[in-house]
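*Asks:* From the sequence below, what's the structure:
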Amino acid sequence: MRYVTLGSYQLAPVLLLILLTTPVALGATYHLLSSKNVSFSVDEPLTVSDFPIPFQVHPGENKTLDITVMNSASVNYSLILIFSLNDTIYQQSYVTFSNYTYNIAPNTNLIQAWMVVAKKSPPAYLELTVDFYRE
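*Replies:* All right, here's what the predicted structure looks like:
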């Protein structure tokens, strides 16, 4: 077997290779041991905790909708409500909804929306959908 002479020492090539690669291997091992993966998620901060269902109106009436929104984040958000009936022609002809942007602070928020049904509207059994959009 051949030896490599280093000063007054004779080393086997395999031993020399081990001595030269050990610091690199230890550095890589340290890096692997010093990094950590953690779970990360971004959750929806707003939830509607109370909404008036079902409700009934008569032609010519104005109905106030009291809605409770919970903000679990520590920042304010803007919230837009989009109201739609399952009969768009009836909605366009007889029903008007509020079109507000609400400021939602952290914790519980009570917001009020409204709808007006025209005096000339015929009786109808409809379904109301409310979409909530956070800005």
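*Asks:* CA atoms for contacts and neighbours, from now on please.
*Replies:* Noted.
*Asks:* check contacts around residue 115.
*Replies:* Residues near residue 115 by CA atoms under 8 Å, 6 or more residues apart in numbering: 62-65, 95-98.
*Asks:* bridging residues for it?
*Replies:* For residue 115, the beta-bridge partners are residue 63, residue 97 (DSSP bridges).
*Asks:* Doesn't residue 22 lie inside a strand?
*Replies:* No: remark: residue 22 does not belong to a strand; assigned using DSSP: H, G, I helix; E, B strand; the rest coil, it is helix.
*Asks:* Residue 129 - nearest residue in space that isn't next to it in sequence?
*Replies:* Among residues not flanking residue 129 along the chain, residue 84 sits closest, at 5.3 Å (CA to CA, 6 or more residues apart in numbering).
*Asks:* quick one on the thing from earlier: tell me the one of the contacts of residue 115 nearest residue 118?
*Replies:* Distance to residue 118 across the contacts of residue 115 (CA to CA) is lowest for residue 95, with 6.3 Å.
*Asks:* Count the neighbours of the nearest residue to the closest one once chain neighbours are set aside for me.
*Replies:* Once flanking residues are discounted, residue 95 sits nearest to residue 117: 4.7 Å by CA to CA, 6+ apart. If you count neighbours by other CA atoms under 10 Å, residue 117 ends up with 20.
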